[in-house]
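K.L.:
structure, please.
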Amino acid sequence: MHDLLSLARESGSRFLLFSFTDLFGVQRAKLVPLSAVAAMSEGGAGFAGFAAWLDLSPADGDVMAIPDPASFTPLPWQSDVAWVATELTLNRAPMEQCPRRVLRRQIARAAALGYELRSGVEAEFFLLRSDGEAIADPADGQEKPCYDQLALMRHYPLVSALMDGMEQLGWGPYQADHEDANGQFELNWTYADSLTTADRHAFFKVMVKTLAERQGLRASFMPKPFQQLTGNGCHTHLSLWDQQGRNAFHDPNGEQGLSPVAYHFLAGLLHHAPGLACLTNPTVNSYRRLAAPPTTSGSTWSPGGISYTANNRTHMVRIPDDQRLELRLPDGSAHPYLLQAAVLAAGLDGIERQLDPGPRHDNDNYADPLGDIGFGHLPRDLGEALDAFAADHTLRAALGESFCSSYESLRRRQWGSFRAELTAWERQVGLDG
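P.N.:
Numbering: from 1, shown residues only. Just a heads-up that it's a prediction; the model follows:
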């Protein structure tokens, strides 16, 4: 493996973005000139942690961001700049609340059991006017706009630039489409190990927003920016691979072609779903998407309960084929690193305790909902998700209590701020009451 300075020189980079993703999923960075890369590769770039969404105070020392050369990514749209993911230290010790470190611990836990998680994400987003108040394309008004060719091609300059960028980076993009909501799009790239997928997911959000801004648009991954339209999901595809490079989820003799390992992993997802939602659906707005009323297209495409099925998109977990699971719970606000870490932690608990997912359900869970069938119900708001997360001691132990308490503290503050807000609806309904 080349060192970071060699990678920068070979790529023609003059500057590197030393980047980390804070607990709320916001990308933070410092721009480092080539002349300082060698020194900062050792000691890291310094940040005042309180200035980002980290559970620190102004009295805490500098957070040092140590780059991982394996994540080195030249910016396709700015050839003299490259991005590199970092991991955080405080007082020369690894920061337990660093999201990338939280994921690394789960990767090590999986490796100790003989597995590697390989995953892919479907990161949906809206293209909006620059003020964010409406979709960018006034002609995109079909009742069922999914896969609309004309709307897709009207955004060809942006979509093709994104696909070219992913090709240049070797991600293996294989399709782009207009999604179920007006103004909504999705680009897919090839699955990889979970850390690589998390790094690419983080970079993808930056790339989409940057290239959209260059065209006078605003890209949003917000879960539910418009009440009447389908929200932004982040469906996550999952499989475990053994040390011989075989898919441990595949079993030609198993139900739906899946192995007992796959079903134990699935059971872990179901068992921990209420607490998991605090990480896969981390914002107040996330719960506008879950169990929402039908949209103008006729469906929300989001799960309303905790259940699994075969090739049926109305349940929380879908089995699309004999190779993988698709978790349909996460939304566009899911943290790239914490999403992978939480899902892996939940699934590994299912394997370690050999949990049973119960029977598969193939009903239309929108038209004929199952209700609560043994795993409880999905949280109805961020407050319920936080309470479920606080009560899930197994999940917290796996992720690390230091991280969990920091994350919960910041999210509870956000939830309290939302609850204190006086809304226009309250005034409209109650002012003359």
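
K.L.:
quick one, strands of the stretch 1-150 of the chain?
P.N.:
15-21, 27-33, 45-47, 63-67, 73-75, 78-90, 93-94, 115-123, 125-129 (DSSP state E, counting those that start in this stretch).

K.L.:
where does the chain have low pLDDT?
P.N.:
1-2 (pLDDT under 70).

K.L.:
which one of the strands of the stretch 1-150 of the chain lies nearest to Leu431?
P.N.:
Proximity to Leu431 (CB to CB) singles out strand 125-129 among those, at 30.9 Å. Where C-beta positions appear, they are placed from N, C-alpha and C, glycine not excepted.

K.L.:
what residues of that closest one count as buried?
P.N.:
Phe125, Phe126, Leu127, Leu128 (16 or more other CB atoms under 10 Å).

K.L.:
what of stretch 243-258?
P.N.:
Within stretch 243-258, the residues that count as buried by 16+ other CB under 10 Å are Asn247, Ala248, Phe249, His250, Asp251, Gln256, Leu258.

K.L.:
nearest spatial neighbour of the fifth one, skipping sequence neighbours?
P.N.:
Using CB to CB, 6 or more residues apart in numbering and skipping the chain neighbours, the partner closest in space to Asp251 is Ser259 (3.7 Å).

K.L.:
which residues does that neighbour contact?
P.N.:
Ala248, Phe249, His250, Asp251 (CB atoms under 8 Å, 6 or more residues apart in numbering).

K.L.:
can you do 10 Å?
P.N.:
Leu240, Asn247, Ala248, Phe249, His250, Asp251, Pro252, Asn253, Phe265, Asp322 (CB atoms under 10 Å, 6 or more residues apart in numbering).

K.L.:
any idea how many residues pack against the residue nearest to the fourth one when sequence neighbours are not counted?
P.N.:
Counting by CB to CB, 6+ apart, Ala262 is the residue found nearest to Phe249 once chain neighbours are left out, at 3.9 Å. Neighbour count of Ala262, defined by other CB atoms under 10 Å: 30.

K.L.:
for Pro293, same thing?
P.N.:
7.

K.L.:
element containing it, please.
P.N.:
Per DSSP states H and E, Pro293 falls between elements, in no helix or strand.

K.L.:
isn't it up against Thr230?
P.N.:
No - between Pro293 and Thr230 there is no contact under CB atoms under 10 Å: 11.5 Å.

K.L.:
pull up the overlap in contacts between those two.
P.N.:
By CB under 10 Å, 6+ apart, Pro293 and Thr230 have these common neighbours: Thr300.

K.L.:
for stretch 86-95, buried residues please.
P.N.:
For stretch 86-95, by 16+ other CB under 10 Å, it's Thr86, Glu87, Leu88, Thr89, Leu90, Met95.

K.L.:
by contact count, what packs against the helix or strand hosting Glu408?
P.N.:
If you go by DSSP H and E, Glu408 is part of helix 401-419. Judged by 3 or more CB pairs under 10 Å, 6 or more residues apart in numbering; DSSP states H and E, helix 401-419 is in contact with helix 99-112, helix 273-280, helix 336-352, helix 382-391, helix 393-399.
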